[in-house]
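**Q** predicted model and sequence follow; I will ask about them next.
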Amino acid sequence: MFDGAEKVRVRMAPSPTGALHVGSAHTALFNYLFARSKGGVFVLRIEDTDRARSSKEWEEDILNSLLWLGINWDEGPYRQSERSGIYREYIRKMLERGSAFYCWHTKDELMAEDERQKANKEAPRHRCEYRDLDISSDTEKIKRAVIRFKNNGAGTIGISDAVKGEVVFDVELLGDFSIAKSLDEALYNFAVVIDDYEMNITHVIRGEDHISNTPKQLLVQRALGIEPPMYAHIPLILGSDKSKLSKRHGATAVLEYRDMGYLPEALFNFLAILGWRADDDEKEIMSADEIISKFHIKNLQTSPAIFDIEKLNWMNAEYIRMMSLTEFTESTLPYLVNAGFINENIDRAYLQKVVALEKNRIKKLSEIVEASKFIFTDIDYKPELLVWRKATSADVKPMLEKVHELLDPMDTRSWTKENLESILMPAAKQVGDRGKLLWPLRAALTGLEASPGPFEIMEVLGKEKVLTRLRTGIEKADELT
């Protein structure tokens, strides 16, 4: 049974050839949840055998992405580039046993073979004529040879996959596949088998795009007398058009979501329910601990999940609303600093009042810049904005003049939301429809069609700026007549 009582050891094995993709983070998360739900071990392994494309910069991105997301590993990071001596011993063992051999066919010869097979409508595979030759003493041939698995198998080989069910592969279609470029350069399908065995990995949870690698790994395991781990191949995440998630659907790197103002808890939660449902599947907002307590591999979905950015935005907004005002203030501060609105030394009490205006209105932390722009910068708008839908152009100027008249005598020490409301609300009620006074007031203060309430805004703007904007509004009202 996939999730039996044995000590669970799972691994995440990304390649440092680019930023950590949300699809890879999704796979890492399911491994993490499974390990934590079983009291097991989560291993991080960096698969950097592709030395030309691998870099420390991308490795750092992987580590930072996982840590930011809240996925902590128990062992590692191990690096394949530091394990070549281990692979070498296993390759030698296979060569000695006759389950691997040297092949020195050129690229042109292999391409010609591939074209012949396609022309004959045969499955492309290499059945090597050198498979039974011993060239252990021919150093020149060895220098230009790759090492292949000697595939003597026939019939089928398969796995009982926790997500896909029984999956069967035709062994003959694999041919004699490569397992190493040389004794010192193991290839993926060989290195992954050795690493999983040496690290005592019990369960392999990975994307379904790895299914095609599975039969080769099974054959290597069989040749070395290795018991295969349990497998679960999870569906890939798809974009809104049901194609593989890519840049054309928007951001794909984990840290891009951080930079756009998504909270790690929200992305963690969102990715967790993307392709998985708890038994009580009605609840969607869950803490990491709650998700771990409910996680069961049997509840992984067999069909691809759609990356719904609107749902992520909704979820992120919910998590923003759950933040304390202090935490929200510190989280939005970098965006406002980068926009040039404030500096790091701004009075935190004042900044809290500013960002509190928008805390329940924004979906991403980065939106605080546009949302609060009217506080920190001069505003401009068309005079028509001042006209309440139930009023006329002629109503605007007297309403703004009335507000200015009431506010001008106020002492700045009494300039609070409560006092402002107590002065202006009676006046608004007197004109019948409160919007007749409050709409042009709010529009004059913000230059926006939608914004927070006028009393909160006035408290944050302060008396001087409020009166200045009212006078500007009065001038614009003259353009309406």
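**A** Ah, there it is.
**Q** neighbours of residue 210, just the number please.
**A** The burial metric for residue 210, expressed as a neighbour count using other CB atoms under 10 Å, is 16. Every residue, glycine included, has its C-beta placed from N, CA and C.
**Q** spatially, what comes nearest to it if we skip its sequence neighbours?
**A** Counting by CB to CB, 6 or more residues apart in numbering, the nearest residue to residue 210 once its immediate chain neighbours are dropped is residue 233, at 6.4 Å.
**Q** give me the contacts around the helix or strand of the chain with the lowest mean pLDDT.
**A** Ranked by mean pLDDT, DSSP states H and E, the helix or strand of the chain with the weakest confidence is helix 139-143, at a mean of 89. In this structure, residues lying in contact with helix 139-143 by CB atoms under 8 Å, 6 or more residues apart in numbering are 102, 104, 135-136.
**Q** quick one: which of these is most hemmed in?
**A** The most neighbours of any of these, using other CB under 10 Å, belong to residue 102, which has 21 neighbours.
**Q** part of a helix, is that one?
**A** No: with the criterion set as DSSP: H, G, I helix; E, B strand; the rest coil, the secondary structure at residue 102 is strand rather than a helix.
**Q** how about the helices of the stretch 51-200 of the chain, start to end?
**A** Across the stretch 51-200 of the chain, reading from the start of the chain, the helices by DSSP state H, counting those that start in this stretch fall at 56-69, 84-97, 107-119, 139-143, 188-198.
**Q** wait, a helix at the residue nearest to residue 210?
**A** No: Residue 233 is assigned strand when assessed by three-state DSSP, not a helix.
**Q** what bridges to it?
**A** residue 206 (DSSP bridges).
**Q** around it, how many other residues sit close by?
**A** There are 22 residues near residue 233, going by other CB under 10 Å.
**Q** residue contacts, residue 424?
**A** Neighbouring residues of residue 424 by CB under 8 Å, 6+ apart: 403, 406-407, 437-438, 441, 454-455.
**Q** going by distance to residue 383, which of those residues wins?
**A** Proximity of those to residue 383 was ranked by CB to CB; the top entry is residue 441 with 14.7 Å.
**Q** quick check: what element follows the one helix or strand that closest one maps to along the chain?
**A** Counting by DSSP states H and E, the secondary-structure element that holds residue 441 is helix 435-446. Where DSSP H and E defines the elements, the next helix or strand beyond helix 435-446 is helix 454-461.
**Q** which other helices and strands does the next helix-or-strand element following that following helix contact?
**A** Past helix 454-461, further along toward the C-terminus, the next helix or strand under DSSP H and E is helix 463-478. With contacts defined as 3 or more CB pairs under 8 Å, 6 or more residues apart in numbering; DSSP states H and E, the secondary structure elements packing on helix 463-478 are helix 393-407, helix 435-446.
**Q** for the last one, what is the distance to the chain centroid?
**A** A distance of 41 Å separates the C-alpha centroid of helix 435-446 from that of its chain, computed with CA atoms, centre = their mean, to the nearest Å.
**Q** hang on, the earlier thing: which of the contacts of helix 139-143 sit farthest apart?
**A** In the contacts of helix 139-143, two members sit farther apart than any others by CB to CB. They are 104 and 136, at 13.2 Å.
**Q** burial measure for the nearest residue to residue 170 once chain neighbours are set aside, as a count.
**A** Counting by CB to CB, 6+ apart, residue 170 lies nearest to residue 156, which is 5.9 Å off, once chain neighbours are set aside. Burial of residue 156, expressed as a neighbour count using other CB under 10 Å, amounts to 11.
**Q** residue contacts, residue 156?
**A** Applying CB under 8 Å, 6+ apart to residue 156 gives the contacts 168-171.
**Q** so where does the residue nearest to residue 58 when sequence neighbours are not counted fall, helix or strand?
**A** Setting aside the residues directly before and after it, residue 58 is nearest to residue 16 in space (CB to CB, 6+ apart), at 4.0 Å. Using DSSP H and E, residue 16 is not contained in any helix or strand.
**Q** contacts only, for residue 16.
**A** Contacts for residue 16 (CB under 8 Å, 6+ apart) come out as 46, 48, 54-56, 58-59, 61-62.
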